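Undergrad: What follows is a predicted structure for the sequence shown.
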Number of protein chains: 2
Amino acid sequence: MVKFVGLIYPLFIMSKCEQCIVREFSSLKALSKNELVHLSDCKTSHTIKKGEVIFEEGENVNGIYCIKDGVCKLTKLSPNGKDHIVKLVTKGELLGQRSMISEEPVNLSAVALEDMEVCFIPKSEVMGFFDKNNQFSMNVMKTICGDLKEADDHMVNLAQKTVKERLAETLLYLYDTFGKNEDNTLKIQLSRDELASMIGTATESCIRLLSDFKKLGLIELTGKKILLKDISKLKKLAE
Amino acid sequence: MVKFVGLIYPLFIMSKCEQCIVREFSSLKALSKNELVHLSDCKTSHTIKKGEVIFEEGENVNGIYCIKDGVCKLTKLSPNGKDHIVKLVTKGELLGQRSMISEEPVNLSAVALEDMEVCFIPKSEVMGFFDKNNQFSMNVMKTICGDLKEADDHMVNLAQKTVKERLAETLLYLYDTFGKNEDNTLKIQLSRDELASMIGTATESCIRLLSDFKKLGLIELTGKKILLKDISKLKKLAE
DNA sequence: TTAAAAATATGACATTTGTCATATAAATGG
DNA sequence: CCATTTATATGACAAATGTCATATTTTTAA
């Protein structure tokens, strides 16, 4: 029996990419068995605690991160000193692709919203895939194109919708994307401050509108927990 | 002599890609002589008058446009019925790449702000380049990554800056990107309405702020023409 | 456990921005 | 050229949002 333990244990520690289910959700799904074996040797695994920074705006990140578990926020500091949350990124997605391709420092900071498991893949490795695996390149391109479309949509919302509409929309987005707990509250937990910096408003305005929504019976607030009570009305509000 | 005319004239009409200087400014610069010759046969040339639509949000555009001359706006309709100008695109740039790669309808409309010359390259042709010319793929990827970064920046501006700051910033952007006429006025001519829909505000607010800027001696207004009088003060205003 | 710090909540008020009305100027088409 | 439409401009006011003060609750760390 002892020899089995010796065999199985390292597999666990090194978390081989071939056996990692999460890769199926990202561009990495295009990699061949051989490429995955090679990847396992190059990558490094990291545990990130809630609140910790993965990388910071302006840094040179020489590779990409694959998120095995957890969620992080991508933020950008505006000239007035406030952070804006540009995007939330979760399990199965890759981080740092844009910066790597552009050969520039990252333009956003990544901060864990929960405890996370991530793997770092060095640039040299990824560039090799680009050269030899057309499907992988295409997947990355499609992902970035999807991000660009999302960004366009987001931009128009910020430019044309009211704060109230954006709050309703964001609550629905959080619900659709990250789901709910057994008690039906939003699974992802954001502070009022973070929620405000997602919708682009002052923290107080965000809190005030949440209170309004509560009074209107659209949501329920219990501490940090938010429960969406009337989704169809929220949808109407979000236009 | 007559035979020379017969030889030269068609060259002009067909505007061979090998001789088109504009391609040096886009991803197409990676194409080989052979690829360019082939491209010349596939592409179609079009003249677009000011105000005309190149494509509309939701359409299937089966290829990309290469802008040989002129400027157009990329707009997106928001739920409230107003258009938002997401981006201006000018001579040397390509249109429709994102949609082609994502294999989706275009998410933005393209409308000429001036008379334009564009060439349409069918999707099949571009996909061939993707397969066979790695440098071309890389160029396209870098362009889209640049667009994504720009979009992020734009988003944060919309979320965090005041209308006044955004107006100042936009005037400077127009100056830097499109230059000035001999009389020092902005070369690109936008209506107040278009300017407003770039900065994400009501037309009246935009007009009012322009008047304020004029009173403060920052700009001069002569009909549609805008002259930037005090660039450093505008920069301070834009933060 | 408890004191201190941080987050949430709310009121009061100022400021920004949007909307509607209307005037004036410019562009357009016969 | 003139009449009509469209764009620009401005006032008056309403609505949305931000800021500051302060209270209350929750979290954190000693």
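TA: Everything's here; your move.
Undergrad: What's the separation between the residue at minimal distance from the centre of chain A and residue A:158?
TA: Among the residues of chain A, the one closest to the centroid is residue A:89, at 0.6 Å (C-alpha atoms, centre = their mean). Separation of residue A:89 from residue A:158 (C-beta to C-beta, to the nearest Å): 19 Å. Just so you know, the C-beta spots here come from the backbone N, C-alpha and C atoms, and that holds for glycine as well.
Undergrad: ok, now residue A:49?
TA: Residue A:49 is 31 Å from residue A:158, by C-beta to C-beta.
Undergrad: Same question for residue A:133.
TA: 37 Å.
Undergrad: Among the two, which residue is more densely surrounded?
TA: Ranked by neighbour count (other C-beta atoms under 10 Å in any protein chain shown), residue A:133 and residue A:158 place residue A:158 first, with 21 against 16.
Undergrad: quick one, what contacts the more buried one?
TA: Applying C-beta atoms under 8 Å, 6 or more residues apart in numbering or on different chains to residue A:158 gives the contacts A:166, A:200, B:155, B:158, B:159, B:200.
Undergrad: Now it: closest residue in space that isn't a chain neighbour?
TA: Nearest residue to residue A:158, sequence neighbours excluded (C-beta to C-beta, 6 or more residues apart in numbering or on different chains): residue B:158, at 4.1 Å.
Undergrad: What of residue A:220?
TA: Nearest to residue A:220 is residue A:227, by C-beta to C-beta, 6+ apart, at 4.2 Å.
Undergrad: Tell me what that neighbour is bridged to.
TA: For residue A:227, the beta-bridge partners under DSSP bridges are residue A:185, residue A:220.
Undergrad: Go ahead and confirm it touches residue A:186.
TA: Yes - Residue A:227 sits in contact with residue A:186 when judged by C-beta atoms under 8 Å, with a separation of 7.5 Å.
Undergrad: Chain A: strands as residue ranges?
TA: Taking DSSP state E as the test, the strands found in chain A are A:44-48, A:53-55, A:63-69, A:71-77, A:83-90, A:94-95, A:109-112, A:116-122, A:219-222, A:225-228.
Undergrad: The longest one and DNA strand C in contact?
TA: Which is strand A:83-90. No - Strand A:83-90 lies out of reach of DNA strand C by C-beta under 7 Å from any atom of the strand, never closer than 12.4 Å.
Undergrad: ok, back up a step: Serialize the strands of chain A to a markdown table and add fields for mean pLDDT.
TA: Formatted as a markdown table, these follow (pLDDT from 0 to 100):
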| stretch | mean pLDDT |
| --- | --- |
| strand A:44-48 | 94 |
| strand A:53-55 | 96 |
| strand A:63-69 | 97 |
| strand A:71-77 | 97 |
| strand A:83-90 | 97 |
| strand A:94-95 | 98 |
| strand A:109-112 | 97 |
| strand A:116-122 | 96 |
| strand A:219-222 | 94 |
| strand A:225-228 | 95 |
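Undergrad: Just the endpoints, please. Distance across stretch A:97-106?
TA: This stretch, stretch A:97-106, spans 9 Å end to end (C-alpha to C-alpha, to the nearest Å).
Undergrad: Ignore what I typed, I meant stretch A:210-225.
TA: Stretch A:210-225: ends 12 Å apart by C-alpha to C-alpha.
Undergrad: And it, how far out from the chain middle?
TA: 25 Å (C-alpha atoms, centre = their mean, to the nearest Å).
Undergrad: Pull out the buried positions in that stretch.
TA: A:210, A:213, A:218, A:219 (16 or more other C-beta atoms under 10 Å in any protein chain shown).
Undergrad: Wait, the third one touches residue A:227, no?
TA: Okay, so that is residue A:218. No - the criterion here is C-beta under 8 Å, and residue A:218 misses it with residue A:227 at 10.0 Å.
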